[in-house]
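A.B. asks: Model the structure of this input:
(chains A, B, C, D, E and F, ligands or ions: 3)
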Amino acid sequence: MYLLALTAAAANPQAAPDALPQALVIALSGMLIVGSALLLICLFIATMPRILAITEKFWPEVEEAHGGAAHPESHVPDDDAVLAAIGFVLHQEFQRQLQSDGPA
Amino acid sequence: MYLLALTAAAANPQAAPDALPQALVIALSGMLIVGSALLLICLFIATMPRILAITEKFWPEVEEAHGGAAHPESHVPDDDAVLAAIGFVLHQEFQRQLQSDGPA
Amino acid sequence: MYLLALTAAAANPQAAPDALPQALVIALSGMLIVGSALLLICLFIATMPRILAITEKFWPEVEEAHGGAAHPESHVPDDDAVLAAIGFVLHQEFQRQLQSDGPA
Amino acid sequence: MDILLEFINTTGFAAMSPGNAIMILVGIVFIGLAIVKDYEPLLLVPIGMGAIVGNIPVMEGMAMGVYDHHRWIIEDGGVEYQPGSVLSYLYLGVSLGIYPPLIFLGIGAMTDFSTMLSNPKLTLLGAAAQIGVFATFLGAVWLGFTLPEAGAIGIIGGADGPTAIFLAAKLAPDLLGAIAIAAYSYMALVPVIQPPVMKLLTTREERLIRMKPPRKVSKRERMIFPIAAFLICALIAPGAITLLGMLFFGNLLKESLVTERLANTARTAFIDIVTILLGFSVGASTQADTFLKPQSLLIFGLGALSFVIATASGVMFAKLMNRFLTDKINPLVGAAGVSAVPDSARVVQMVGQQADPHNFLLMHAMAPNVAGVIGSAIAAGVLWSVLT
Amino acid sequence: MDILLEFINTTGFAAMSPGNAIMILVGIVFIGLAIVKDYEPLLLVPIGMGAIVGNIPVMEGMAMGVYDHHRWIIEDGGVEYQPGSVLSYLYLGVSLGIYPPLIFLGIGAMTDFSTMLSNPKLTLLGAAAQIGVFATFLGAVWLGFTLPEAGAIGIIGGADGPTAIFLAAKLAPDLLGAIAIAAYSYMALVPVIQPPVMKLLTTREERLIRMKPPRKVSKRERMIFPIAAFLICALIAPGAITLLGMLFFGNLLKESLVTERLANTARTAFIDIVTILLGFSVGASTQADTFLKPQSLLIFGLGALSFVIATASGVMFAKLMNRFLTDKINPLVGAAGVSAVPDSARVVQMVGQQADPHNFLLMHAMAPNVAGVIGSAIAAGVLWSVLT
Amino acid sequence: MDILLEFINTTGFAAMSPGNAIMILVGIVFIGLAIVKDYEPLLLVPIGMGAIVGNIPVMEGMAMGVYDHHRWIIEDGGVEYQPGSVLSYLYLGVSLGIYPPLIFLGIGAMTDFSTMLSNPKLTLLGAAAQIGVFATFLGAVWLGFTLPEAGAIGIIGGADGPTAIFLAAKLAPDLLGAIAIAAYSYMALVPVIQPPVMKLLTTREERLIRMKPPRKVSKRERMIFPIAAFLICALIAPGAITLLGMLFFGNLLKESLVTERLANTARTAFIDIVTILLGFSVGASTQADTFLKPQSLLIFGLGALSFVIATASGVMFAKLMNRFLTDKINPLVGAAGVSAVPDSARVVQMVGQQADPHNFLLMHAMAPNVAGVIGSAIAAGVLWSVLT
Ligand code: NA
Ligand code: NA
Ligand code: NA
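C.D. replies: Ligands and ions are numbered 1, 2, ... in the order given. Got it, this is the predicted structure:
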């Protein structure tokens, strides 16, 4: 990509503004920084499970279920979905009732 | 209404401020503008079905159901809780079915 | 508490800033104000049922159910409703169980 | 002991003026009407509580009211920022006209224009009711108000709180409190004001007219409508761009069917937040010393007049239209042109059922009702263009 | 290569001071406590993450922190606006005191005053706990803080984050970060601080006292309460208008039963948005260079003291009241007067059940708990009136 | 009659320029694409309606547009505040850079980084795609834009609307409208732009590669990730603090499991409100006279180029990585590195299924997709640090 830009600039040297060399350094070092940041994240992620495997022995991950249960006000359920589901169950039920009444 | 205001002003000419004639023009043209805007909307609405009937031949209105389905993140329900509840009921049901089938 | 502060100040008189006497008055009157406000609230609350018992005769508290019904959009579910529905299904189920157990 | 005396001086009991006491009572009455009579509770409760809070007398030097604004002063050749009170910041949404368009966004996302689309001629009734606006404007000029003040007072007849606040903030900021309170009071009193006017101007036969059920409107029509209607209104009355832009934007979010989550937030959390802040800070702006003036009484008188005229104009225009129509309009429906959505449509339904319990006018009344919202916004735009 | 070096200079690794590192660790500890111990997670997670973000060292000249404010400068005889950082705009809600009243609105819309209404004498325990506020105020003056600073430090004893931030923003903006962090830390540590004090001051017999179940409170009482309580508080201590106005406004939205949708938004989306912004920007205001000072340590020490005093005062006052009462109060309930809703009420329940597993004090503890919120707000109002 | 003429002059029909008409049509086309093709409707509908509203010609002297800003003027030795238009206040969130971080908060609270955590090497694809940003930056410099302008144009290649708006507001406010529209247009056109590039650069065999299902990621990993990733990014590129701080804050609210209610509000009501305001005011900033310039065409050309380069870079880098890997990556997945979450990941899935209907790449594509968001934010931070 840089080559492309360089070639373009080279092909038309008069038009290339004076800022182009500076811009090239910015672009290259910018790409370097982006790359190294994501590389570090990548390495960190890759290492984390091993570190956690060690700490796990001293401090095991219990099933922390309090999150969901402790804040019931965050549930903004969908009445429709609920009613549909209930409806389904009732339907099943009536079906069963009919069937079991039938043979009886 | 305008008549009423005019009469009132006429009946009490000294009290009527100098701005009244100007106000009258404003009121009349304002009412004209409001009326013509809503008249245009009325005419547009009345014409729209006919225009759409023509375009319909070239570009039929398919049942565009994607709106709801495409954005599942907007459902804040809590499917899990609901499903758990339903699941529980169904489970009870199946248990029963097994039991009642068993003896039978 | 005030004694404690006073003692402390007395124990170390040089260190006590000049503002301490003023601060003491502020603290005492502040506590007085907080206390009298909450005392007034306490007295008001204690009196209210008696006053309402009198007004009740002239203006009985009807079951004002309009709040909920008039603004159905305000229901951001009601876990209660869901539970009621689940409960209903379970009830049906148990009823059935009893009935089918009965004949069996 | 000086400090104790100072404390007592800071309490409100001493400083309480009769005016403050009256306004606190007004606030309590507003809340009472909302709770007992269910009159526009979403507005009257916040405004009422605001009026109570705004009329607690405060010690000189403590900046706590809506009018204790932030300021910029020049000091040592630099600009120094002096903060205002919390209420003054909340009130900025009123005085800068920001809350009303956001309310309109939510209203747009709630409004179903289907009945209007299925029976376009009812749109005209929403125009007729705006006669109330301009007649009140004339009345206010006649009573000696300046032209911009008269414009802001006239818009009370639009029966649309956000529109009234928006225009008053632009044309007559000093009268904003009185105008807002008048507008919301009469909107709450629609079930009291309108029925006698409606019965006076119609015969029993007219009230018995039944109307054809509205036709089904296609999705495509409902999608195209907000854009087209906005273009028509905006090109004719550019002063209405802000309010109507938001109204039709909200409606487009609803009708496009692909932005349902945005429409849903606009008509729930967003409009609720703005309603709370708007109502409370408008209420708190009714401090007795700025509010209890003879002017305010005049404004209340003119406001009542404008509601009567608007109702009458809607009804009479419907009767006029019936002379040219085969499918007659029930003239009661004209009264819904004052907007006050959805209360005046409910009043139409109620008065209609008093004559014939099996006549369902509610759906038909929604058409002039929403058209009235558009009409008032256009009227506000016109008054703003001409009077600034 | 110059530019590459410049880049390296812009990275934070070089500029990182030990102070920044400490504060980042503090942030991580806050988040850890919230997750592992479930201590006030809705506050500690935003504050913790804010502290991490606020302590990343930034290159000179890049305006990114909460203190990089907008400014107005005079240029060529005109006023030029110079924008601030994004965090500085979010922080305006803290420094101008706007967020705390909005949090109170939501708290009001969540709070059920029923138990307080059914057992009014428990209200007094909420007053007794405010002794913590004024004792700490005296302590801070004795330690050499100025009167306004001492007032802001004292309010930590109110155990009410929004109130502490509101008052600190008015009286001692420079100490706001330390005061806010101290207040929230100790609120989170209530389950650690209170039990020893409570056990020390009560006998086993006292801890076993069972209280009568609260009577049913009528809807009408609950509707009248927020208005009446507001008038009482506001007239006695007008400085508390802003906080208590919003608290009781929120409660009225809840209890009026006709504005349920507004109450619901106030206690969900609205308070959540403000909590996110408040917590995060308070956290980000703890930049090491303004935060890590000996003063801050003193403030933390005084804060701990004030919680102990407040708890002790509540318990002792309950014991004092028992001398005059036939229906004895369980003195543990007095500890809930510090507010820190609902954590200190839960602590009461927990300590009570250690003595008698079948004694349910939670409901009774809610009364002094909510009274403590009102008490702290009044104390803040008083301190604000006198010290500005 | 003069006044009537004046009215006619105030209507928009006369003042309507061809440019305005074109922009209104563009707005209608945006809305049409959103409805018919379902291209990024949450953005295109608000932007489209904004473009329509912003291009209604307004009478001279009526301040209604986004550029009719508030001002402070010196008058009689004091500072006088002159209010701006409502749209100008809503636009402040854009021009001061406040909306984009708030959008990132919501995105963080929505984003599941699990697949990235389970297959870390895919993160690098999100870096590779940023070549599009810097190549476009060079191209813009070459075409004669200043360095800051070129930086703002380059970030279009980041395929991230909020990031582009954030950087453009800092570096090139005059080009903000064009850059924002270009960024969102191409994000909407991802399903059109990417597939040909992807097919051109891959063989059928490569497109058929199946990848191992991701491993299950523990809760603890997901909790630690946002904090650690933020620290890494922030220390390397402090310019990205604001955007990434909010992104990872939102994610921490989600993954901490103890702040679910805050995460829920951040990803629903809060982000919806900000999306509505951001989209609408960005749309309204495209007034024909500031938008329809040769520059804007250049920007659109460069934007298209940058999407092509970013897609190609991602794909080619994946092929490069395959030379060193035993578990091959399907190179299509590299195209998701441009971010445009989640559209480009869906495109990967679609193109992959054209080759093998039983190959499910969506989950794998989410990893570079979210890494691309982080990468673009870092790139923006770097450009901001160097170019201001
Ligand atoms: Na109207
Ligand atoms: Na307290
Ligand atoms: Na990207």
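
A.B. asks: any idea how far stretch D:72-89 is from the chain center?
C.D. replies: 33 Å (Cα atoms, centre = their mean, to the nearest Å).

A.B. asks: Ignore what I typed, I meant stretch D:32-50.
C.D. replies: Put simply, stretch D:32-50 sits 14 Å off its chain's centre (Cα atoms, centre = their mean).

A.B. asks: How about stretch D:162-175?
C.D. replies: Here stretch D:162-175 is found 11 Å from its chain centre; the criterion is Cα atoms, centre = their mean.

A.B. asks: So which bits of it are buried?
C.D. replies: Within stretch D:162-175, the residues scored as buried using 16 or more other Cβ atoms under 10 Å in any protein chain shown are D:162-172, D:175. For every residue, glycine as well, the C-beta is placed using N, CA and C.

A.B. asks: In a markdown table, list those along with secondary structure and distance to F:Glu221.
C.D. replies: Shown next, in a markdown table, are the buried residues of stretch D:162-175 (DSSP: H, G, I helix; E, B strand; the rest coil; distance: Cβ to Cβ, whole Å):
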| residue | secondary structure | distance to F:Glu221 |
| --- | --- | --- |
| D:Pro162 | helix | 49 |
| D:Thr163 | helix | 54 |
| D:Ala164 | helix | 56 |
| D:Ile165 | helix | 52 |
| D:Phe166 | helix | 52 |
| D:Leu167 | helix | 57 |
| D:Ala168 | helix | 57 |
| D:Ala169 | helix | 53 |
| D:Lys170 | helix | 56 |
| D:Leu171 | helix | 60 |
| D:Ala172 | coil | 62 |
| D:Leu175 | helix | 62 |
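
A.B. asks: which of the residues you listed come close to chain C?
C.D. replies: For chain C, no contacts are drawn from these by Cβ under 8 Å from any Cβ of the partner chain.

A.B. asks: can you count the residues close to D:Leu201?
C.D. replies: When neighbours are defined as other Cβ atoms under 10 Å in any protein chain shown, D:Leu201 has 20 of them.

A.B. asks: Hmm, I typed the wrong one, I wanted D:Lys37.
C.D. replies: Residues lying near D:Lys37 (other Cβ under 10 Å) number 16.

A.B. asks: One more: D:Met350?
C.D. replies: Other residues near D:Met350 number 16, with proximity taken as other Cβ under 10 Å.

A.B. asks: for the buried residues of stretch D:162-175, which one is nearest E:Lys293?
C.D. replies: D:Ala169 (45.5 Å; Cβ to Cβ).

A.B. asks: list the buried ones in the longest helix seen in chain A?
C.D. replies: Secondary structure of chain A per DSSP state H: the longest helix is helix A:20-58. By neighbour count with 16+ other Cβ under 10 Å, helix A:20-58 contains the buried residues A:20, A:23-27, A:29-31, A:33-42, A:44-45, A:48-49.

A.B. asks: sorry, back to before: distance to chain F for the buried residues of stretch D:162-175 - can I get that in CSV?
C.D. replies: Below are the buried residues of stretch D:162-175 laid out as CSV (distance: Cβ to the nearest Cβ, whole Å):
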residue, distance to chain F
D:Pro162, 12
D:Thr163, 13
D:Ala164, 16
D:Ile165, 12
D:Phe166, 9
D:Leu167, 13
D:Ala168, 14
D:Ala169, 9
D:Lys170, 9
D:Leu171, 13
D:Ala172, 15
D:Leu175, 17
